[in-house]
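# sequence unavailable; structure follows:
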């Protein structure tokens, strides 16, 4: 397929609030300090939610690692509940959605549910259940009172038909009843099949993680963006604008992501987009927590203060922090 890539024009840069200046024959992009100060003032009283972070611990006696993983496989070696809370505090982030890490814990959600129990109101969880076993809906409902208001799914058995298995279909049907979001960690090629499942289960809340990984290769293919924006016609589908360390230029200040966010904003609206860091991976190398949240909090000028509040917390609150 011939895919047209999304390229920036001067008009698009200006539309996202970026000031363009010539330096040494090239272009640099920067935001006015007054704009950043205004954005910070707007967000000062917001309840901010990081919609996506992992946690793990070296306490493998209480929380054994799965699939033969060892302490040497943990990278970084530690990112505990306490380390996450300390990271959140640096940017006044109030709450967080904890995301299952299948590589380390497979379908064991206990480290996350224990964190939610120890810090009431601070966390919600997107866990994992085994859709290959009979009645995954029973486990979904058991986990709901423990703070598990979503479930991560990844392409797996069945190839292109991975969403057609009876267990997966049961999960989507159950989620429509319990409001537990189906959280899709997918690649762009998986978007059409997710679209079909959204049509089949129109009342199921669905969240697309990390822009569906569009931009991993440094490009934002037009066909992929169209497929992602096409999901906006499903009223219960949202997108995480997250994982900047892995997309585009993969380094701060992540300004190349602004036109992509604007594209999604035009399709979904602010109330179906949610900021997330994908920590601890956003904390590696040149990337950091401030750069992640600052992109949405300080550098976007095409939203109202109310819409910025949706991006920084309102959408995640609606999707994950409903009353159990």
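Structure received. Owing to the predicted nature of the structure, the values given are computational and were not obtained by experimental measurement.

# what stretches of the stretch 1-150 of the chain score poorly on pLDDT?
Judged by pLDDT under 70, the stretch 1-150 of the chain has its weakly predicted residues at 1-46.

# mind redoing it with 50?
1-32, 34-43 (pLDDT under 50).

# next, the buried residues of the lengthiest helix in the chain.
When the chain is parsed with DSSP state H, its longest helix is helix 166-178. Buried residues in helix 166-178, defined by neighbour count with 16 or more other C-beta atoms under 10 Å: 167-168, 170-172, 174-175, 178. Bear in mind the C-beta positions are built from the backbone N, C-alpha and C, glycine included.

# now stretch 119-126
So stretch 119-126, judged by 16+ other C-beta under 10 Å, has buried residues 122-126.

# export the residues you listed to TSV and tack on distance to residue 183 and secondary structure?
What follows is these, written out as TSV (distance: C-beta to C-beta, whole Å; DSSP: H, G, I helix; E, B strand; the rest coil):
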residue	distance to residue 183	secondary structure
122	19	coil
123	15	strand
124	11	strand
125	10	strand
126	5	strand
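
# and residue 323, backbone torsions?
Dihedral angles phi and psi of residue 323 (degrees, to the nearest 10) take the values phi -70, psi 130.

# how close does it get to residue 147?
12 Å (C-beta to C-beta, to the nearest Å).

# more neighbours: those two, which one.
Legend: neighbour count by other C-beta atoms under 10 Å for residue 323 and residue 147, higher for residue 147 (25 against 4).

# once you drop chain neighbours, what's closest to the more buried one?
Nearest residue to residue 147, sequence neighbours excluded (C-beta to C-beta, 6 or more residues apart in numbering): residue 116, at 3.8 Å.

# where do the helices sit along the stretch 201-324 of the chain?
222-230, 258-268, 289-297, 305-309, 315-320 (DSSP state H, counting those that start in this stretch).

# any chance of these in a markdown table, with mean neighbour count too?
As requested, those are exported to a markdown table (neighbours: other C-beta atoms under 10 Å):
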| stretch | mean neighbour count |
| --- | --- |
| helix 222-230 | 18 |
| helix 258-268 | 20 |
| helix 289-297 | 21 |
| helix 305-309 | 17 |
| helix 315-320 | 24 |
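
# how about those helices in TSV, adding mean pLDDT?
Shown next, in TSV, are these (pLDDT from 0 to 100):
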stretch	mean pLDDT
helix 222-230	98
helix 258-268	98
helix 289-297	98
helix 305-309	98
helix 315-320	98
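
# just send those back as CSV, with distance to residue 86 too.
What follows is the helices of the stretch 201-324 of the chain, written out as CSV (distance: least, C-beta to C-beta, whole Å):
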stretch, distance to residue 86
helix 222-230, 33
helix 258-268, 27
helix 289-297, 10
helix 305-309, 24
helix 315-320, 20
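
# strands of the stretch 151-300 of the chain, start to end?
Secondary structure of the stretch 151-300 of the chain, counting by DSSP state E, counting those that start in this stretch: strands at 181-184, 206-208, 237-241, 273-275.

# same list (those strands) but as TSV, adding distance to residue 311 and mean pLDDT.
Shown next, in TSV, are those (distance: least, C-beta to C-beta, whole Å; pLDDT from 0 to 100):
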stretch	distance to residue 311	mean pLDDT
strand 181-184	17	98
strand 206-208	14	98
strand 237-241	7	98
strand 273-275	5	98
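
# what would the ones you listed look like in CSV with mean neighbour count and distance to residue 267?
Shown next, in CSV, are the strands of the stretch 151-300 of the chain (neighbours: other C-beta atoms under 10 Å; distance: least, C-beta to C-beta, whole Å):
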stretch, mean neighbour count, distance to residue 267
strand 181-184, 26, 17
strand 206-208, 25, 12
strand 237-241, 25, 9
strand 273-275, 27, 9
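
# give the contact list for the residue lying closest to residue 143 once chain neighbours are set aside.
Nearest residue to residue 143, sequence neighbours excluded (C-beta to C-beta, 6+ apart): residue 127, at 5.8 Å. Applying C-beta atoms under 8 Å, 6 or more residues apart in numbering, we find residue 127 in contact with 100, 109, 112-113, 143, 148, 150-152.
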